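Student: Predicted coordinates and the sequence they were generated for:
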2 protein chains.
Amino acid sequence: MSTEALSSGSTFPPLKAGTLRIYSNRICPYAERARLVLAHKDIPNEVVNIHLSKKPEWFLEKINPLGKVPAIQKDDKIVYESAVCCDYLDQVYPSNKLTPDDPYQQARDRILVEHFGQVTTQYYKMLFGPSENCAAAAETLKKGLMEFDKEIQKRGDFFGGSEPRMIDFMVWPWFERFHATEKLVNQIFISDGSMPNLTAYMDRMLSVPAVQKCRLSTENHLEFYQSVKNGAPNYNVGL
Amino acid sequence: MSTEALSSGSTFPPLKAGTLRIYSNRICPYAERARLVLAHKDIPNEVVNIHLSKKPEWFLEKINPLGKVPAIQKDDKIVYESAVCCDYLDQVYPSNKLTPDDPYQQARDRILVEHFGQVTTQYYKMLFGPSENCAAAAETLKKGLMEFDKEIQKRGDFFGGSEPRMIDFMVWPWFERFHATEKLVNQIFISDGSMPNLTAYMDRMLSVPAVQKCRLSTENHLEFYQSVKNGAPNYNVGL
């Protein structure tokens, strides 16, 4: 993942036949979902990082008209949307399967990811909304996370049970960013000791090899969000 | 589906053991997705309609804290979110399978549904946004639909190919509403003859038994949206 983001004006990096490529971004949490799946399943891949504020023309024309990462490509096959990429990878590379076989558990996990969407909405409000709404968003975020604190107690060490599975890789990227976010907006929503199950979960996730491989440090995240606030997102932080 | 919507203050309708129940709404396009799947696969079910502006307390407490339809329930198993419900039903009731077996085709279909989300965004802007933006939204909606007109030409009589499949039931509910919408907002985005493949598609879909079973008439839709504009949504139109 450690290559500079390609911007508008760049040329399309030639494809190698049979090589799986991921169009990613070192900071984007949605792209991180797919990178976590690739890392966990140990799928050989080539990373092409995309500058999200100055997107290469070829990316919009050839790969994803919606302009979003992640996207994955192998020869003439292109897939995008983070959940679609992750499920596709899990089906096409079935070793170390991440999605539950039981359709009901599968459905409940997808619902949990949907609920998490409500949490992330508050997260983005807090970071990028009007500053006068920040404290209220932090409060709502905390209420949402409290539900996840209760949920993981029912499920085990991970949302996937005794080991991390797809559901964990779908929600983790935002957990990774929470400490940086608290510092940046000067609001506490997870570090006050009120969610012991989730904080223990975060510690456990940090020791998962795929997470270690894909994560950026709190300092890197802090630096990135500061660059966004300054109006010039630095997609190459830490390089 | 033809029962009155239950509102706040109502009591929870007792469950019958082993009976599949769908919490629906006669007008909601998302709920219609799940009803189409139930109808197409001929799955016996009981419909409980929910009043979406005055939701029953028990619906939020027992069934879906997010308050959205569709939700499906069988004994102690509850599933919601339209795409999750549809995929779950297709897995648990495998006869007359609607989802492609090929993971790549599955992924491409999910991406198409995601693109369709951009179309429906314009649709709702047009209907419920500030009236001065209506013409521009209709224009953008038309551009989005043009892509679908090209896409179906590649795919066959239906988005699913030679017969309607999951992808068709995921997008159909909005097509069903287009003629009513054009009349209501006095904008043409599909009836001007510029999308012959899509208009032929709409005719074909109207002859699909599941569609015939689940649809409301253009007049019913017109009456419903008029009631929304008047501030008192009538979820029982046509009863």
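Tutor: Perfect, thanks for sending it. The structure displayed is predicted, hence computed values, not measured ones.
Student: pLDDT weak spots in chain A?
Tutor: A:1 (pLDDT under 70).
Student: Tell me which residue lies nearest the centroid of it.
Tutor: Computing the C-alpha centroid of chain A and ranking residues by CA atoms, centre = their mean puts A:Pro29 first, at 2.7 Å.
Student: so that residue makes contact with A:Arg177?
Tutor: Yes - assessed by CB atoms under 8 Å, A:Pro29 is found in contact with A:Arg177 at 6.8 Å. C-beta: built from backbone N, CA, C; applies to glycine.
Student: Please identify the buried residues of the longest helix seen in chain A?
Tutor: Ranked by residue count, the top helix of chain A under DSSP state H comes out as helix A:103-128. By 16 or more other CB atoms under 10 Å in any protein chain shown, the buried positions in helix A:103-128 come out as A:103, A:106-113, A:115-116, A:119-120, A:122-123, A:125-127.
Student: Run through those residues and flag the ones next to chain B.
Tutor: Contacts with chain B within these, as defined by CB under 8 Å from any CB of the partner chain: A:Pro103, A:Gln106, A:Ala107, A:Arg108, A:Arg110, A:Ile111, A:His115.
Student: isn't the third one right next to B:Asp90, touching?
Tutor: No - because the distance of 11.0 Å does not satisfy CB under 8 Å, A:Ala107 is recorded as not touching B:Asp90.
Student: Please, which helix or strand holds the spatially closest residue to A:Gln122 that is not a sequence neighbour?
Tutor: Nearest non-adjacent residue to A:Gln122, counting by CB to CB, 6 or more residues apart in numbering or on different chains: A:Leu141, 3.9 Å away. If you go by DSSP states H and E, A:Leu141 is part of helix A:134-155.
Student: now swap in A:Asn49 and tell me
Tutor: Using DSSP H and E, A:Asn49 maps to strand A:46-49.
Student: what's that strand in contact with?
Tutor: For strand A:46-49, the external contacting residues (CB atoms under 8 Å, 6 or more residues apart in numbering or on different chains) are A:1, A:3-6, A:13, A:16, A:19-26, A:35, A:235.
Student: Which of these fall within strands?
Tutor: Residues of the contacts of strand A:46-49 located in strands (DSSP state E): A:Arg21, A:Ile22, A:Tyr23, A:Ser24.
Student: give me the number of residues near the first one?
Tutor: Right, A:Arg21. Using other CB atoms under 10 Å in any protein chain shown, A:Arg21 is surrounded by 19 other residues.
Student: residues contacting it?
Tutor: Listed by CB under 8 Å, 6+ apart, the contact set of A:Arg21 reads A:Leu15, A:Asn45, A:Glu46, A:Val47, A:Val48, A:Ile72, A:Gln73, A:Lys74.
Student: please redo it, this time with the cut-off set to 10 Å
Tutor: By CB atoms under 10 Å, 6 or more residues apart in numbering or on different chains, the contact list for A:Arg21 reads A:13, A:15, A:45-48, A:63, A:71-75, A:78.
Student: Give me every residue in chain A lying close to chain B.
Tutor: When proximity is defined as CB under 10 Å from any CB of the partner chain, chain A approaches chain B at A:64-66, A:68, A:71-72, A:74, A:77-81, A:83-85, A:87-92, A:94, A:102-104, A:106-111, A:113-115, A:117-118, A:147.
Student: if we go to 7 Å?
Tutor: Within chain A, the positions near chain B by CB under 7 Å from any CB of the partner chain are A:77, A:79-81, A:84, A:88, A:91-92, A:103-104, A:107, A:110-111, A:114.
Student: Show me the two of these that sit farthest apart.
Tutor: Greatest spatial distance among those (CB to CB): A:Lys77 and A:Tyr104, at 30.4 Å.
Student: Helices along chain A, start to end?
Tutor: A:29-40, A:57-58, A:82-92, A:103-128, A:134-155, A:166-185, A:196-206, A:209-214, A:218-229.
Student: And stretch A:137-144, what's buried?
Tutor: Across stretch A:137-144, burial judged by 16+ other CB under 10 Å covers A:Ala137, A:Ala138, A:Thr140, A:Leu141, A:Lys142, A:Gly144.
Student: which one of those residues is nearest chain B?
Tutor: Comparing the buried residues of stretch A:137-144 against chain B with CB to the nearest CB places A:Gly144 closest, at 10.8 Å.
Student: thought the closest one was touching A:Gln118?
Tutor: Yes - under the criterion of CB atoms under 7 Å, A:Gly144 makes contact with A:Gln118 at 5.8 Å.
Student: Report how many residues lie close to the residue nearest to A:Lys97 when sequence neighbours are not counted.
Tutor: Once flanking residues are discounted, A:Lys97 sits nearest to A:Asp90: 6.5 Å by CB to CB, 6+ apart. When neighbours are counted by other CB under 10 Å, A:Asp90 registers 20.
Student: who are the neighbours in contact with A:Asp90?
Tutor: Going by CB atoms under 7 Å, 6 or more residues apart in numbering or on different chains, A:Asp90 touches A:Val37, A:Lys97, A:Leu98, A:Thr99, A:Met166.
Student: Also A:Thr99?
Tutor: Taking CB under 7 Å, 6+ apart as the contact definition, A:Thr99 lies against A:Asp87, A:Asp90, A:Gln106, A:Met166.
Student: List the contacts of A:Phe175.
Tutor: A:Met202, A:Met205.
Student: quick one: the residue lying farthest from the centre of chain A and A:Ala71, what's the gap?
Tutor: For chain A, the largest distance from the centre (CA atoms, centre = their mean) belongs to A:Ala17, which lies 27.7 Å off. From A:Ala17 over to A:Ala71 the distance is 18 Å, taken as CB to CB, to the nearest Å.
Student: now swap in A:Gly231 and tell me
Tutor: Taking CB to CB, one finds A:Gly231 at 26 Å from A:Ala71.
Student: More neighbours: these two, which one.
Tutor: More neighbours surround A:Ala71 than the other of A:Gly231 and A:Ala71, with 27 against 7 (other CB under 10 Å).
Student: The more buried one pairs with what?
Tutor: Beta-bridge pairing for A:Ala71 (DSSP bridges): A:Tyr23, A:Tyr80.
Student: contacting residues for the residue lying closest to A:Met195 once chain neighbours are set aside?
Tutor: Spatial nearest neighbour of A:Met195, chain neighbours left out: A:Asp149 (4.1 Å); criterion: CB to CB, 6+ apart. Contacts for A:Asp149 (CB under 7 Å, 6+ apart) come out as A:Met195, A:Asn197, A:Leu198.
Student: Mind putting the residues you listed into CSV with neighbour count?
Tutor: As requested, these are exported to CSV (neighbours: other CB atoms under 10 Å in any protein chain shown):
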residue, neighbour count
A:Met195, 20
A:Asn197, 17
A:Leu198, 20
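Student: Now tabulate these in a markdown table and tack on distance to B:Ser131.
Tutor: Shown next, in a markdown table, are the contacts of A:Asp149 (distance: CB to CB, whole Å):
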| residue | distance to B:Ser131 |
| --- | --- |
| A:Met195 | 45 |
| A:Asn197 | 49 |
| A:Leu198 | 45 |
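Student: For the nearest residue to the residue nearest to the centre of chain A once chain neighbours are set aside, give its distance to A:Ala31.
Tutor: Leaving aside its chain neighbours, A:Pro29 sits nearest to A:Pro173 (3.4 Å; criterion: CB to CB, 6+ apart). Going from A:Pro173 to A:Ala31 by CB to CB gives 9 Å.
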